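Trainee: Structure for this input, please:
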Amino acid sequence: MLRARIIMEKAVPITKANPMAGYKVTTQARKKMIRKTTEQNKKIPPMATFIRYGLPFVLFVAGASFVVASALDGKNKERDLATGQSMSKSERQAKMETERDNMVKKMEHMAKVEFDNTKRIERPEDILERRRLERENRNVWYKRLGRWMKIV
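Mentor: Reported below is the predicted structural model:
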């Protein structure tokens, strides 16, 4: 608004017949206007400049460091949980001992159940021979005759 007032005060009408047709700013008026605005800019105190430009930058830097630190902290916690390093050495050792005790109890329980390790494993040739004998017994003529008579 101040600039418009200065321009109107220093402006000269373009035509004298119609003063509302338009205004022309003289070169001297323009130079005075530029000089005044630069003087006004020089009068800004340094504290106001810091508050206007420096403080937002400082807040941005501090906020960014806080955000990055919290993000990395969360990432490190997740990694430690995934790898199991979040516990101290004594806690890990205690956990391993309890797992070992549980495993020993399970093995003792299984040992109570009779387990015969001397049982022979059937070989593929023996399996084929057993199946051949079953097939022959199933296809004996008198058993086939009985199947035929049930159908009819």
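Trainee: And the helices in the protein?
Mentor: Per DSSP state H, the chain carries helices over the ranges 2-10, 27-42, 46-49, 55-83, 89-112, 124-138, 141-151.
Trainee: Can I get those in a markdown table including distance to residue 118, mean neighbour count and mean pLDDT?
Mentor: C-betas here are computed from N, CA, C, even on glycine. A markdown table is the format used below for those (distance: least, CB to CB, whole Å; neighbours: other CB atoms under 10 Å; pLDDT from 0 to 100):
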| stretch | distance to residue 118 | mean neighbour count | mean pLDDT |
| --- | --- | --- | --- |
| helix 2-10 | 108 | 11 | 52 |
| helix 27-42 | 102 | 11 | 69 |
| helix 46-49 | 95 | 9 | 79 |
| helix 55-83 | 44 | 10 | 89 |
| helix 89-112 | 16 | 10 | 87 |
| helix 124-138 | 17 | 10 | 92 |
| helix 141-151 | 37 | 9 | 66 |
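Trainee: Next one: residue 47 from residue 56, what distance?
Mentor: 15 Å (CB to CB, to the nearest Å).
Trainee: what's the answer for residue 106, then?
Mentor: To residue 56, residue 106 is 64 Å away according to CB to CB.
Trainee: Check residue 81 too.
Mentor: For residue 81, the distance to residue 56 - CB to CB - is 38 Å.
Trainee: got it, and residue 139?
Mentor: 96 Å.
Trainee: cool, and residue 129?
Mentor: Applying CB to CB, the value for residue 129 to residue 56 is 90 Å.
Trainee: cool, residue 50 as well?
Mentor: Relative to residue 56, and taking CB to CB, residue 50 is found at 10 Å.
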